[in-house]
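Asker: predicted model and sequence follow; I will ask about them next.
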Amino acid sequence: MEAGNAKKTAECMGTDYAQMEGAGAAGGLGFAFVSYLGARLVPGIDLILDVK
């Protein structure tokens, strides 16, 4: 099922992030955020250490 969703997303959105590092984390939320919302994925520790 996941492969079908990734394929359909690639067809509809013109992007293919299925193999992107972090795309499968948290049940595929990273994939959805990058594919549909244009998000940028960063490792959590990098984000935490960048807080000012």
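Answerer: Ah, there it is. Every value quoted in this text rests on a predicted model; they were computed, and no experiment measured them.

Asker: where does the chain dip in pLDDT?
Answerer: Within the chain, the segments meeting pLDDT under 70 span 1-2, 25-27, 52.

Asker: in the chain, which spans are helices?
Answerer: Ranges of helices within the chain are 2-13, 25-37, 44-49, based on DSSP state H.

Asker: residues touching residue 23, list them.
Answerer: Contacts for residue 23 (CB atoms under 8 Å, 6 or more residues apart in numbering) come out as 17, 30, 31, 34, 41. C-beta here means a position set from N, CA and C on the backbone, and glycine is covered the same way.

Asker: quick one: which of those has the most company?
Answerer: For the contacts of residue 23, the largest neighbour count, defined by other CB atoms under 10 Å, is 24 neighbours, found at residue 31.

Asker: not counting sequence-adjacent ones, nearest residue to it?
Answerer: Nearest residue to residue 31, sequence neighbours excluded (CB to CB, 6 or more residues apart in numbering): residue 23, at 3.9 Å.

Asker: endpoint to endpoint, stretch 10-19 covers what distance?
Answerer: With CA to CA, to the nearest Å applied, stretch 10-19 spans 12 Å between its terminal residues.

Asker: in CSV: the contacts of residue 23, plus distance to residue 8.
Answerer: Listed next are these as CSV, based on distance: CB to CB, whole Å:
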residue, distance to residue 8
17, 13
30, 17
31, 12
34, 15
41, 21
